[in-house]
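Visitor: Take this sequence and fold it.
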Amino acid sequence: MTAPLDGRVAVVTGGGSGIGRATVERFAADGARVVLADHAGSAAEVAAAIDPAGTTVVFQRADVRDAGQVDRAFQVAMDRFGRCDIAVNNAGVIAGGPLHADDADDQFDLVWRVCVSGVWHGCRSAVARMRENGGGVILNTASAAALWPTPAFPAYGLAKAAVLHLTRSLAAAYGRDGIRVNAVVPGPTRTGIFEAATADLDLAGLERRYAASMALGRMIEPEETAAAFAYLASDAARSITGTALQIDGGYRPGT
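Guide: Numbers count the residues shown, from 1 in each chain. This is a model prediction of the structure:
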């Protein structure tokens, strides 16, 4: 039986941990060849752990704030595997803090450059290759923070809302080029980035509070969002574009 992504080539930013790593693992298992792009050099070890031979998963260091570094990751896909069919713009950071904080402007700049400019750079690089290839799939990681108030991290919620709007705009712009553009909207997910953002808080207590706001009564696991990416990247979703698929366990804060 042919694997769902057999023969496809993907670039996954933020692929060294959390949702990104789970997505690289899932894509590789589904038959894709993957460029794992991440700003951390240690992500090279992740790529090697997923594919020790280095024939289907390769690491490329890329800080998504730098358009040139992002474009290089896509060019590695072209040079190494001959094409680029799937782009997962997943790299992000949870930061920002309250509006009245002394470093609020600096934190806003960080969040915007990573979560919005980083997605913009990935989409530009992907569109350039996919228009020449006759199509492809662009997938962006948004967040439930884009849909609900985020008192502790307003800049993060704003940035993720921008990702949703960009996704819908690009879907409308490039559908006739055979390019589908969708987003996933994860709810509270147990990842390293979540733990880092809540390092000064009672993590276990915070997870319980989040779980209490979710219809399923539990946090989301990275593999569940990776499964959604795999579906949207596959031919099974060939008529889906401009959508935002919520992977949030029925998250409704305040309930």
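Visitor: the strands in the stretch 51-200 of the chain, which residues?
Guide: 57-61, 86-89, 136-141, 179-186 (DSSP state E, counting those that start in this stretch).
Visitor: What is the third one packed up against?
Guide: Under the contact criterion of 3 or more C-beta pairs under 8 Å, 6 or more residues apart in numbering; DSSP states H and E, the helices and strands touching strand 136-141 comprise strand 86-89, helix 118-133, helix 154-174, strand 179-186, helix 222-233. In this view, the C-beta of every residue, glycine as well, is placed from N, C-alpha and C.
Visitor: most neighbours per residue, which of the ones you listed?
Guide: Each of those was scored by mean neighbour count; the highest is strand 86-89, a mean of 30, by mean count of other C-beta atoms under 10 Å.
Visitor: and that one, which strands flank it?
Guide: Next to strand 86-89 in the sheet, as set by DSSP bridges, lie strand 9-13 (parallel), strand 136-141 (parallel).
Visitor: Mind exporting the C-alpha coordinates of the longest one to PDB?
Guide: As requested, C-alpha coordinates have been extracted for strand 136-141 and formatted as PDB (Å, rounded to 0.1, in the frame of the first residue of the first chain):
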ATOM      1  CA  GLY A 136       1.700  22.300  -3.300                       C
ATOM      2  CA  VAL A 137       0.400  22.600   0.200                       C
ATOM      3  CA  ILE A 138       1.200  25.400   2.700                       C
ATOM      4  CA  LEU A 139       0.300  24.700   6.300                       C
ATOM      5  CA  ASN A 140       0.600  27.300   9.100                       C
ATOM      6  CA  THR A 141       0.500  26.800  12.800                       C
END
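Visitor: List the contacts of it.
Guide: 14, 19, 84-90, 92, 119, 122-123, 126-127, 129-130, 163, 166-167, 170, 178-184, 186, 225, 229, 232-233 (C-beta atoms under 8 Å, 6 or more residues apart in numbering).
Visitor: again, only this time at 7 Å
Guide: Applying C-beta atoms under 7 Å, 6 or more residues apart in numbering, the set of residues contacting strand 136-141 from outside is 19, 84-90, 92, 119, 123, 126, 130, 163, 167, 170, 179-184, 229, 232-233.
Visitor: Among the strands of the stretch 51-200 of the chain, which comes closest to W148?
Guide: strand 179-186 (10.4 Å; C-beta to C-beta).
Visitor: gap between the residue nearest the centre of the chain and G217?
Guide: The centre of the chain sits closest to N90, judged by C-alpha atoms, centre = their mean, with a distance of 1.9 Å. Counting by C-beta to C-beta, to the nearest Å, the gap from N90 to G217 is 26 Å.
Visitor: Good, wrapping up.
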